[in-house]
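*Asks:* pasting the sequence and the predicted model now:
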Amino acid sequence: MKRPNMSSNKLSHHTERQKESQINHPSFSSIVKALPATVPFVPPEEMERQTGHSIRLRLGANESNFGMSPKARQAMEKAVGKSYLYGDATSYDLKGELATLHGIRTDQIVIGSGLDDLLGLIVRTFLNPGDAVTTSLGGYPTFNFHVQGYGGVLHTVPYQDFRNDLQGLLQKAHDTHSRILYLANPDNPTGSWWGAEAIGELRRSLPKGCLLLLDEAYIDFAPLDTIWPLDPSDPQVIRARTFSKSHGMAGARIGYAFANQETIQAFDKIRNHFGVNRAAQAGALASLQDTAFQRMIMKEVAKGKEEYATLAAELGISTLPSATNFVAFDMGTPKRAKLAMDTLWKQGVFTRVPGAPPLNRLLRVSVGTPVERSEFARILQEVVPTLS
């Protein structure tokens, strides 16, 4: 008697289950179905897994390689013991400290699990499917990710001389009747910035009903006399900030934004109220209070940027002025920038090159510790002469 082909039977049953699954699968939303399969950034850990190379110098994510305040670490370690409890959904203590520090009210502040979370919250609050949004071509891709994920329509304006084109952004916002004009100031990925007068004029010229969303992730590194005065009562402005950069808490995922009371109340309708854990809140509060540590970070980053500029000059290239914790090396052409990034990666150095022209001729490098900067300089001095 011929025995049945078990493998053939299993394959047949598997195929039938696949067909049944496809038939019964709940339909995705029309917005999600129309989106390409993509993520804003490939994480460096995944890059390691894909290429088999290990990172020795992590200089591509603009984290703070100097770590967090020792006082923040102590506060977080203490708070971990209560991690079986939800975090304070109101972030009461942290909001109180921020309010005192900036001379505003607590009902003008929202706390989120990182600035990226807040960008998504803001987009969801203000955008209807099909609404227009204006941003810079080559700007922070996670913002674009959220806009497209909620059905918004992106309109982009190219950088001008490696700076956000404020007049171009304004014109585009007017022409498209944009609901949001997004501006990173200081900028990622160039490190450039606009001062208080220029931002004030941008606000005064906004289209009626258009929100100016200022991504100020790097504001702690900007010259103090160029920072636009804070006025959370303005209903057309939201300023989003983070503890990921100067405070060295990127992995803790915590950020905040300033907005008027009515906007904060609207956020409360839809935000993830328990999205910020106890340890992150405790660490952020302690870090705000450790002003000596913050001064040390500012001093060290400023020194590192000077070293990078000197290194570039010695190699016959240049760096862009930066009000952030990274420096953009101008490699001259997109080909040279990508070759430099790929060659550095093979030697265990993680850096980034922006994807959109003309920014794709830039090699973006975070300011590392003195030891990291010395090692990076040694490797870059070997790499640059090999670039064609």
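*Replies:* Cool, got the structure.
*Asks:* show me where pLDDT drops low in the protein?
*Replies:* 1-22 (pLDDT under 70).
*Asks:* try it again at 90.
*Replies:* Applying pLDDT under 90 to the chain flags the ranges 1-25, 35-42, 225, 388.
*Asks:* now the helices for the protein?
*Replies:* Assigned by DSSP state H, the chain shows helices spanning 6-24, 30-34, 44-51, 70-80, 92-102, 115-126, 141-149, 166-176, 196-204, 261-270, 278-289, 291-314, 334-346, 370-383.
*Asks:* and these as a markdown table, adding distance to R58?
*Replies:* Quick note: C-beta positions are derived from backbone N, CA and C, even for glycine. Formatted as a markdown table, these follow (distance: least, Cβ to Cβ, whole Å):
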| stretch | distance to R58 |
| --- | --- |
| helix 6-24 | 41 |
| helix 30-34 | 32 |
| helix 44-51 | 7 |
| helix 70-80 | 19 |
| helix 92-102 | 28 |
| helix 115-126 | 19 |
| helix 141-149 | 19 |
| helix 166-176 | 32 |
| helix 196-204 | 32 |
| helix 261-270 | 33 |
| helix 278-289 | 20 |
| helix 291-314 | 14 |
| helix 334-346 | 11 |
| helix 370-383 | 8 |
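*Asks:* turn those helices into TSV, columns for mean neighbour count.
*Replies:* Output for those, formatted as TSV (neighbours: other Cβ atoms under 10 Å):
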stretch	mean neighbour count
helix 6-24	9
helix 30-34	10
helix 44-51	12
helix 70-80	17
helix 92-102	16
helix 115-126	22
helix 141-149	20
helix 166-176	18
helix 196-204	15
helix 261-270	14
helix 278-289	23
helix 291-314	16
helix 334-346	18
helix 370-383	16
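*Asks:* quick one: closest of those helices to A356.
*Replies:* A356 lies closest to helix 141-149 among those, at 9.3 Å (Cβ to Cβ).
*Asks:* what's in contact with the closest one?
*Replies:* 31-32, 35, 38-41, 116, 119-120, 123-124, 127, 133, 135, 153-154, 180, 182, 213, 215, 355 (Cβ atoms under 8 Å, 6 or more residues apart in numbering).
*Asks:* got the angle for it vs helix 115-126?
*Replies:* Per axes from the mean of the first three to the mean of the last three Cα atoms, to 10 degrees, the angle that helix 141-149 makes with helix 115-126 is 30 degrees.
*Asks:* what about helix 141-149, distance to the chain center?
*Replies:* For helix 141-149, the separation from the chain centroid amounts to 11 Å (computed by Cα atoms, centre = their mean, to the nearest Å).
*Asks:* can you dump the C-alpha atoms of it in CSV for me?
*Replies:* Extracted C-alpha coordinates of helix 141-149, given in CSV (Å, rounded to 0.1, in the frame of the first residue of the first chain):
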residue,chain,number,x,y,z
PRO,A,141,12.6,62.4,8.7
THR,A,142,10.6,61.3,11.8
PHE,A,143,8.4,64.3,11.5
ASN,A,144,7.6,63.4,7.9
PHE,A,145,6.9,59.8,9.0
HIS,A,146,4.2,61.1,11.4
VAL,A,147,2.7,63.4,8.8
GLN,A,148,2.3,60.7,6.3
GLY,A,149,1.1,58.2,8.9
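*Asks:* hang on, the earlier thing: so for S64, which of the helices of the chain sits nearest?
*Replies:* helix 291-314 (6.8 Å).
*Asks:* can you give me the strands for the stretch 101-250 of the chain?
*Replies:* Using DSSP state E, counting those that start in this stretch, the strands of the stretch 101-250 of the chain run over 109-112, 132-136, 153-157, 180-184, 211-215, 237-242.
*Asks:* right, so of these, which gets closest to A266?
*Replies:* So among the strands of the stretch 101-250 of the chain, strand 109-112 is nearest, using Cβ to Cβ, at 9.9 Å.
*Asks:* quick one: contacts of stretch 204-215?
*Replies:* 115, 119, 122, 126, 140, 143, 170, 173-174, 177-185, 188, 199, 202-203, 228, 236-240.
*Asks:* returning to what we had before: of all the helices of the chain, which lies closest to D220?
*Replies:* Using Cβ to Cβ, the helices of the chain put helix 291-314 closest to D220, at 7.2 Å.
*Asks:* what helices and strands are in contact with the closest one?
*Replies:* strand 318-319, strand 326-330, helix 370-383 (3 or more Cβ pairs under 8 Å, 6 or more residues apart in numbering; DSSP states H and E).
*Asks:* list the helices and strands the last one packs on?
*Replies:* It refers to helix 370-383. Judged by 3+ Cβ pairs under 8 Å, 6+ apart, the packing partners of helix 370-383 are strand 57-58, helix 291-314, helix 334-346.
*Asks:* nearest to R278, of the strands of the stretch 101-250 of the chain?
*Replies:* Here strand 109-112 is closest among these (Cβ to Cβ), at 12.5 Å.
*Asks:* residues in contact with A309?
*Replies:* Applying Cβ under 8 Å, 6+ apart, we find A309 in contact with 319, 327.
*Asks:* again, 10 Å this time
*Replies:* Contacts for A309 (Cβ atoms under 10 Å, 6 or more residues apart in numbering) come out as 318-322, 327, 329.
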